[in-house]
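Colleague: dropping the sequence and predicted coords here.
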Amino acid sequence: MNTILQMQGISKSFGGVHALVDVHLDVEKGEVHALLGENGAGKSTLMNILTGVIPMDKGRIEFDGKVYAQPTIRQMEEAGIAFVHQELSVINDLTVYENIFLNREIRNKWHILEKKQMIAQTRELFKRLGVDMDPMVMVSELKTSEKQLLEICRALHANAKLLILDEPTTALSNEEIAHLFEILKKMKSEGTAFIFISHKMPEIFEIADRYTVFRNGQFISSGYIRDTDSASITSDMIGQEYADKDVYQPRPLGEVVLKLNKLTGHGFRDVDLEIRKGEIVAFTGLAGSGASEVLQTMFGVLPIESGSVEIHGKAISGSITHFMRNKVAMLPSNRKENSVIPDMTILENCQIAEHTLSRRKQVINHKAEESKFVALKQMLRIKSDSPHDPINSLSGGNQQKVFLARWLNTNADILIFDNPTQGVDVGAKAEIYQLILQFAQEGKTVIINTLEIPEIKKVSDRCVVLYDGAVAKIFNHDEINEQDVMMYSTNAVAAAGKSEV
């Protein structure tokens, strides 16, 4: 085998907290190497050290035959390492081709930009990779999944020898994931190496050649994917036997608290549904089905085009604040664009929704706010030092918990969660499932949107399947199974019906 990367004895501490303790990682040319572990295991810290973002305390890094005592960002970019982050870093105010060539612009001898040449090269890149995207379109007009593909194309255009992909499939549909994997396999056959960070076991077993597991900043295990199974890897990740069991708990339901009457909005139409106090209802459907848009309309993010949303018998419309005052809360998807306020602390990010509701109060009681945060931190098991640390000091999973705390802090009765476990590890997922069930036991109504059918089975009383903006089927808990949900999500039921005629 031909090793392109060796990281040996890497250690890093932050203020007395050991983020990495004598860990090692090696990657071969032309392989996909899965780097696994729960949020906070040290994966991001190691990748930030490798790419020169933060210095290591001790250790040795050798990439493509050259030793780097303390790598810098510029050194590692020039060496051929590209990092495609889970949190999108494309520039919305630039065109697609401008993003591709950002900091690598083609200029003539008078230093004037060669726009036609850059556009042509972008078209050629997309053609080679099988990507259907207009180089001239503004990135702000792209879907999240298209932005994710643009990030990957930008890295590939830089002729990277090693690509680090951090949760690259989070915003992609099944078809887009299959296309991405085709691209990875093609690049792998040409010698490109990949470090693949993901919490989705089926994807890991489909695309990865080898794996390395970290836990609590320490190296736990490594080997070939063909020689292990998902149960063994998961056990290594969380340090205990993991049972993938149904945690669903039936409970008595109360009166109808939320009613959708022929609700029509952006991307969906004529949704009729009654949801009861203490009920957990899951929406699902393929990308573009309208499921996420229904949830956004139920919180005032998107306008109601026709029909109505009734809360406790009263029709509600208008701004997000109006829904908040009627005790509705929403945890949105894509936390970087929709949740993170990077210039604020952990505590400020947690309190911002409650401040919106109590904006007439002119004085903030900092001690009371800190006390409430401590209680929420314990309940949600948020791993943080000081509440006054920057929100970006937390891992993605712990950020998600802070945003969950943000909405619990408003004492809402109806909780809307759009992809609540997006980019969250298996241990944190189990915690979120238990919290959802706990909220329902306490009488709160929970509405979630997720593409993960096993997740729906674990927590929901009912599953609403959307296809092409319309409700295709509503399943009760004991009727939910992957095959039937996918049949209605893809409209295969209609296709099967036609074939029988």
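Modeller: Okay, I see it.

Colleague: contacts and neighbour counts: CA atoms only from here.
Modeller: Fine.

Colleague: how many residues are close by the closest residue to Pro71 other than its chain neighbours?
Modeller: Using CA to CA, 6 or more residues apart in numbering and skipping residues adjacent in sequence, the residue nearest Pro71 is Gly52, 4.9 Å away. A count of nearby residues for Gly52, using other CA atoms under 10 Å, gives 19.

Colleague: what of Asp64?
Modeller: Neighbour number of Asp64 under other CA under 10 Å is 16.

Colleague: surely it meets Asn2?
Modeller: No - Asp64 is beyond contact range of Asn2, at 9.6 Å (criterion: CA atoms under 8 Å).

Colleague: just for the stretch 201-350 of the chain, where's the confidence low?
Modeller: Applying pLDDT under 70 to the stretch 201-350 of the chain picks out residues 240-246, 334-339.

Colleague: do the chain as well
Modeller: 1, 39, 240-246, 334-339, 359-363, 423-425, 494-501.

Colleague: let me see the domain layout of it.
Modeller: Structural domains assigned to the chain are 3-238, 252-327+413-501, 337-411, following automatic domain parsing.

Colleague: tell me where the stretch 101-250 of the chain has helices.
Modeller: 115-129, 144-157, 174-189, 201-207, 230-238 (DSSP state H, counting those that start in this stretch).

Colleague: those helices: which one's closest to Gly16?
Modeller: helix 230-238 (23.0 Å; CA to CA).

Colleague: contact partners of that closest one?
Modeller: 36-38, 201, 213-215, 220-221, 241-242, 426-427 (CA atoms under 8 Å, 6 or more residues apart in numbering).

Colleague: related to what we said a few turns ago, deepest of the helices of the stretch 101-250 of the chain, which one?
Modeller: Each of those was given a mean neighbour count from mean count of other CA atoms under 10 Å, and the largest, a mean of 20, is that of helix 144-157.

Colleague: mind giving me the packing neighbours of that one?
Modeller: strand 81-84, helix 96-100, helix 115-129 (3 or more CA pairs under 8 Å, 6 or more residues apart in numbering; DSSP states H and E).

Colleague: now the first one, how far from the chain's geometric center?
Modeller: So that's strand 81-84. 18 Å (CA atoms, centre = their mean, to the nearest Å).

Colleague: next one: stretch 54-61
Modeller: Worked out by CA atoms, centre = their mean, stretch 54-61 lies 28 Å from the chain centre.

Colleague: who touches it?
Modeller: 5-13, 22, 45, 48-50, 67-71.

Colleague: one more: stretch 367-384?
Modeller: Residues beyond stretch 367-384 that count as contacts (CA under 8 Å, 6+ apart) turn out to be 347, 350-351, 387, 394, 398, 401-402, 405, 409, 431.

Colleague: apply 10 Å and report the result again.
Modeller: Identification of contacts with stretch 367-384 by CA atoms under 10 Å, 6 or more residues apart in numbering yields 39-40, 346-348, 350-351, 366, 387-388, 391, 393-395, 397-402, 404-406, 408-409, 428, 431-432, 435.

Colleague: just the ones of those in helices?
Modeller: The helices, defined by DSSP state H, take in 346-348, 350-351, 366, 397-402, 404-406, 408, 428, 431-432, 435 from those.

Colleague: of the residues you listed, buried ones?
Modeller: Neighbour-count burial (16 or more other CA atoms under 10 Å) is assigned, among the ones in helices among the contacts of stretch 367-384, to 346-348, 350-351, 397-402, 404-406, 408, 428, 432.

Colleague: overlap in contacts, Asp64 and Asn2.
Modeller: 28-29.

Colleague: if we can go back for a sec, and Asn491, which of the helices of the stretch 101-250 of the chain is closest to it?
Modeller: Going by CA to CA, the one of the helices of the stretch 101-250 of the chain nearest Asn491 is helix 174-189, 14.9 Å.

Colleague: who touches Asp134 in this structure?
Modeller: 95-97, 119, 122-123, 126, 142.

Colleague: so Leu263 is in which element?
Modeller: Here Leu263 is covered by strand 256-265, with elements defined by DSSP states H and E.

Colleague: which elements pack onto that strand?
Modeller: strand 268-276, helix 291-297, strand 306-311, strand 314-316, strand 445-449 (3 or more CA pairs under 10 Å, 6 or more residues apart in numbering; DSSP states H and E).

Colleague: buried stuff in it?
Modeller: For strand 256-265, by 16+ other CA under 10 Å, it's 256-261, 263-265.

Colleague: give me the distance from that strand to the chain's centre.
Modeller: So, by CA atoms, centre = their mean, the centroid of strand 256-265 is 28 Å from its chain's centroid.

Colleague: between it and strand 306-311, how many degrees?
Modeller: 160 degrees (axes from the mean of the first three to the mean of the last three CA atoms, to 10 degrees).

Colleague: look up phi and psi at the nearest residue to Ile432 once chain neighbours are set aside.
Modeller: With CA to CA, 6+ apart as the criterion, Ile432 has its nearest non-adjacent residue at 7.4 Å, and that residue is Thr421. For Thr421, the backbone dihedrals are phi -110, psi 20 (criterion: degrees, to the nearest 10).

Colleague: and Thr421, what does it touch?
Modeller: 333, 397, 400-401, 428-433, 450, 452, 455.

Colleague: export those to a markdown table and append columns for distance to Glu479.
Modeller: What follows is the contacts of Thr421, written out as a markdown table (distance: CA to CA, whole Å):
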| residue | distance to Glu479 |
| --- | --- |
| Ser333 | 27 |
| Gly397 | 31 |
| Gln400 | 30 |
| Lys401 | 31 |
| Ala428 | 26 |
| Lys429 | 23 |
| Ala430 | 22 |
| Glu431 | 24 |
| Ile432 | 23 |
| Tyr433 | 19 |
| Thr450 | 17 |
| Glu452 | 16 |
| Glu455 | 14 |
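
Colleague: between all of the residues you listed, which two are separated the most?
Modeller: Longest span within these, CA to CA: Lys401 and Glu452, 19.3 Å.

Colleague: hang on, the earlier thing: of the contacts of Thr421, closest to Val493?
Modeller: Glu452 (19.7 Å).

Colleague: which residues does the closest one contact?
Modeller: 284-285, 419, 421-422, 482.

Colleague: how much space between it and Ala34?
Modeller: With the distance defined as CA to CA, to the nearest Å, Glu452 ends up 21 Å from Ala34.

Colleague: quick revisit: out of the buried residues of strand 256-265, who's nearest His322?
Modeller: Leu258 (15.1 Å).

Colleague: skipping its backbone neighbours, what lies nearest the closest one in space?
Modeller: Closest to Leu258 by CA to CA, 6+ apart is Ile311, at 4.7 Å.

Colleague: what's the local residue count around the one you found?
Modeller: The burial count for Ile311: 20, using other CA under 10 Å.

Colleague: check the one 3 residues further on too.
Modeller: The criterion is other CA under 10 Å. On that basis, Lys314 has 13 neighbouring residues.
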